[in-house]
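[1] quick check, what structure comes out for this input:
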Amino acid sequence: MKRMLPAWLLVFLAAHGLPGTVRASGSPTVWEMTPYRIRVLLAMASEPELTPHLREQVEARVMERAEKAVGASWDLSVGVPPLELGVKMISSLSRLPMDDLPETLVESDSDKLLLVAVRVTDGGFQVEARDYDLHARLTGSPLVRDVRQRELLPDEVFQAVLSAFAPLARVEKVDDKQVTLRQRAASLPPIDPSIVFATPGDIYRSVRRYNDRDGKLKKLMPIEWTFLVVEQVNEAELACQMYTGLRSPLTGRSRGHDERLAMLVRPTGGSTELELHSRILGGDVKSVRPMAGYAVYAHPVDSTKTDLIGRTDGDGKLIVHADFNPLRILLVKHGGEPLARLPMMPGLEPRMQVDIPDDDDRLLAEGIINGFQERFVDVIARRQVLMTQIRARLEDNKAAEAKSMLEELRTFKRQEDYINEVRVQKQRAVSPDKRIQRKIDKLFDDTEQVIIRFLNPAEVEKIESEVSAKTRGS
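    Residues are numbered from 1 along each chain as shown. Sure thing, here's the model as predicted:
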């Protein structure tokens with residue numbers, strides 16, 4: 001295992017820079033020159049082909065390649081996992097969450113656990129690797145490599161470790177949707193120039209970590225439905241565009257023991273089960289119910305053209321499949337009303353839940369308003385036709401016919417009748433969700449304004465005066 005740089009040396013380097021390294025804007029920080037403490041745990045299936053000697057070869061090769069290709073940015077060791085964990089690793093790393101790791105490993109001094117499983121397949125061997133970041137408490141995307149020849153396993157295991165490694169960064173600056181990240185160990189570049197840990201198009205997800213006075217984890221707050229897409233790499237800094245379904249998720253500066261972190265995630269293919277349910281109202285969990293029949297649309301981040309991908313079933317669930325766009329923006333609608341905007345990388349998580357407003361009450365109110373508006377438009381049209389015909393009769397000196405038509409016009413409901421009808425329906429349209437109630441109230445208030453605008457009683461009074469004057473003249 002390579003030795004960790006002493007604290008005094010890190011402080012010196014932060015102040016004076018490293019020979020042969022390019023500085024980012026300002027002097028490099030300790031964060032940029034702190035190596036990753038990586039613990040690789042290698043589990044090999046109990047198969048005749050996977051001998052103890054082969055394990056020794058793999059471990060030695062991983063250590064050698066890490067030192068010669070990556071260099072100072074990795075402080076790496078390779079070991080054997082605890083027996084129970086090894087069995088789970090051989091079964092599947094993609095179904096092994098952080099919560100299933102032994103507490104002694106999670107609470108260790110390592111920054112990362114890189115778990116590697118080697119299995120025997122019909123076509124040869126399979127290597128699966130996954131990054132478990134212990135500082136951010138985030139898991140990376142599982143990576144699988146198929147190997148045909150046994151002799152290639154040592155190098156292929158290293159390549160799996162290298163590919164599964166997920167760099168960590170700190171949120172340096174947030175300006176609306178523009179986010180600047182600062183990479184850890186960025187001032188310790190890999191020895192092999194072909195190894196690049198950050199490129200435009202990379203996607204990061206973020207988390208907020210709160211530490212106690214000793215730097216130990218006190219609280220962790222994952223920032224869901226938020227992704228940072230790298231647009232430009234400027235030495236240690238990454239200029240990113242933020243896509244989020246939340247309101248200002250990264251606002252506020254990191255102070256004291258508060259860290260805003262981001263870790264690279266890679267598309268895995270596969271699918272994610274999206275589950276929609278209503279929000280808890282008044283602290284009553286019984287108010288939660290599945291949102292069935294809600295339409296879900298999607299579009300890539302570089303386009304606004306949306307496609308319907310499906311509707312939620314009776315349990316409020318919908319399978320979202322990955323496509324050639326790794327990051328997609330989901331739009332949840334009900335009755336044409338947008339309710340949620342959710343950035344998602346399908347396949348990154350097996351299932352995701354989101355609480356949205358119970359929109360059924362608004363949709364019911366919208367149906368009432370639509371029915372009312374159809375009747376109202378018909379009345380306005382017939383009323384206008386009748387008023388035109390009355391004036392035509394007056395021009396033809398047919399005052400008696402005009403007066404008869406005026407009596408028919410007076411049978412139409414008055415403005416105040418329609419306003420009262422709308423207000424009665426408004427009192428009945430009640431939602432326990434205050435945000436939905438505001439939308440319902442606006443529907444009825446807007447309709448009342450339409451009535452006031454298009455059903456002016458002064459128009460009838462004017463035509464009554466015209467008929468009266470014509471009748472007296474006759």
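
[2] hey, let's count contacts and neighbours off CA atoms from now on
    Fine.

[3] so which elements touch the longest helix seen in the chain?
    Longest helix of the chain, by residue count under DSSP state H: helix 360-395. Here helix 360-395 touches helix 399-410, helix 434-454, helix 457-473, going by 3 or more Cα pairs under 8 Å, 6 or more residues apart in numbering; DSSP states H and E.

[4] just the buried positions in stretch 366-384, please.
    Neighbour-count burial for stretch 366-384, counted by 16 or more other Cα atoms under 10 Å, picks out 366, 368, 369, 376, 383.

[5] neighbouring strands - and their directions - for the helix or strand hosting residue 131?
    Per DSSP states H and E, residue 131 falls inside strand 124-133. Here strand 124-133 is paired, per DSSP bridges, with strand 112-121 (antiparallel), strand 138-139 (antiparallel), strand 143-147 (antiparallel).

[6] of all these, which lies closest to residue 391?
    Closest to residue 391 of the strands paired with strand 124-133, according to Cα to Cα: strand 138-139, at 77.2 Å.

[7] now the helices for this protein?
    Under DSSP H, the chain gives helices at 7-16, 52-65, 83-91, 103-106, 153-164, 360-395, 399-410, 415-428, 434-454, 457-473.

[8] and the ones you listed, which is most packed in?
    Stretch with highest mean neighbour count among the helices of the chain: helix 153-164 (a mean of 21; mean count of other Cα atoms under 10 Å).

[9] list of residues touching it?
    With contact meaning Cα atoms under 8 Å, 6 or more residues apart in numbering, helix 153-164 is reached by 57-59, 61-62, 65-66, 114, 116, 127-131, 140-145, 147.

[10] now that helix and strand 112-121, what's the angle there?
    Interaxial angle of helix 153-164 relative to strand 112-121 (axes from the mean of the first three to the mean of the last three Cα atoms, to 10 degrees): 130 degrees.

[11] tell me the mean pLDDT for the longest helix of the chain?
    Averaged across helix 360-395, pLDDT comes to 88.

[12] do stretch 54-64 as well
    On average, stretch 54-64 scores 97.

[13] coming back round to it: just put the helices of the chain in CSV and tack on distance to residue 182.
    Formatted as CSV, those follow (distance: least, Cα to Cα, whole Å):
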stretch, distance to residue 182
helix 7-16, 14
helix 52-65, 26
helix 83-91, 32
helix 103-106, 24
helix 153-164, 20
helix 360-395, 45
helix 399-410, 74
helix 415-428, 53
helix 434-454, 38
helix 457-473, 67
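
[14] hang on, the earlier thing: from the contacts of helix 153-164, list just the buried residues.
    Buried members of the contacts of helix 153-164, scored by 16+ other Cα under 10 Å, are 58-59, 61-62, 65-66, 114, 116, 127-131, 140-144, 147.

[15] any idea what residue 297 is bridged to?
    Residue 297 has these beta-bridge partners by DSSP bridges: residue 308, residue 331.

[16] ok, it - contacts?
    For residue 297, the contacting residues are 306, 307, 308, 309, 310, 330, 331, 332, 333, by Cα under 8 Å, 6+ apart.

[17] from the residues you listed, list the buried ones, please.
    For these, buried by 16+ other Cα under 10 Å: 310, 330, 331, 332, 333.

[18] let's have those in a markdown table, adding pLDDT and distance to residue 209.
    Shown next, in a markdown table, are these (pLDDT from 0 to 100; distance: Cα to Cα, whole Å):
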| residue | pLDDT | distance to residue 209 |
| --- | --- | --- |
| 310 | 95 | 36 |
| 330 | 95 | 27 |
| 331 | 95 | 29 |
| 332 | 94 | 30 |
| 333 | 91 | 33 |
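
[19] which of the residues you listed lies closest to residue 230?
    Distances from residue 230 to those, taken by Cα to Cα, are shortest for residue 330, at 20.3 Å.

[20] please report how far the residue lying closest to that closest one once chain neighbours are set aside lies from residue 399.
    Excluding the flanking residues, the one nearest residue 330 by Cα to Cα, 6 or more residues apart in numbering is residue 298, at 4.4 Å. Using Cα to Cα, to the nearest Å, residue 298 is found at 63 Å from residue 399.

[21] can you find the helix or strand in this structure with the smallest mean pLDDT?
    helix 7-16 (a mean of 41; mean pLDDT, DSSP states H and E).

[22] correct me, but residue 264 touches residue 200?
    No. In this structure residue 264 lies outside contact range of residue 200 using Cα atoms under 8 Å: 11.9 Å.

[23] neighbour-wise, which of those two wins?
    Neighbours were counted for residue 264 and for residue 200 using other Cα atoms under 10 Å; residue 264 has more, 23 against 13.

[24] tell me what the more buried one is bridged to.
    Here residue 264 sits in beta bridges with residue 204, going by DSSP bridges.

[25] what's near enough to touch residue 456?
    For residue 456, the contact set (Cα under 8 Å, 6+ apart) comprises residue 415.

[26] quick check on it: phi, psi?
    With angles defined as degrees, to the nearest 10, residue 456 sits at phi -80, psi 120.

[27] next one: it, what pLDDT does it get?
    Residue 456 is assigned 86 on the pLDDT scale.

[28] so it versus residue 414, what's the distance?
    Distance, residue 456 to residue 414, by Cα to Cα: 9 Å.

[29] now do the shared contacts for these two.
    The contact sets of residue 456 and residue 414 do not overlap (Cα under 8 Å, 6+ apart).

[30] for the buried residues of stretch 366-384, which one is nearest residue 101?
    Lowest distance from residue 101 to the buried residues of stretch 366-384 (Cα to Cα) belongs to residue 366, with 50.4 Å.

[31] list the contacts for the residue nearest to that closest one when sequence neighbours are not counted?
    Using Cα to Cα, 6+ apart and skipping residues adjacent in sequence, the residue nearest residue 366 is residue 443, 7.1 Å away. Applying Cα under 8 Å, 6+ apart, we find residue 443 in contact with 365, 366, 369.

[32] what's the answer for residue 447, then?
    So residue 447 contacts 369, 373, 422 (Cα under 8 Å, 6+ apart).

[33] and residue 393, by the same measure?
    Taking Cα under 8 Å, 6+ apart, we find residue 393 in contact with 399, 401, 402.

[34] low pLDDT regions in the stretch 301-450 of the chain?
    Within the stretch 301-450 of the chain, no range satisfies pLDDT under 70.

[35] coming back round to it: can you put the buried ones among the contacts of residue 297 in a markdown table and add distance to residue 154?
    Formatted as a markdown table, the buried ones among the contacts of residue 297 follow (distance: Cα to Cα, whole Å):
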| residue | distance to residue 154 |
| --- | --- |
| 310 | 45 |
| 330 | 42 |
| 331 | 45 |
| 332 | 47 |
| 333 | 51 |
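
[36] quick one: which of those residues is nearest residue 99?
    Distances from residue 99 to the buried ones among the contacts of residue 297, taken by Cα to Cα, are shortest for residue 330, at 28.0 Å.
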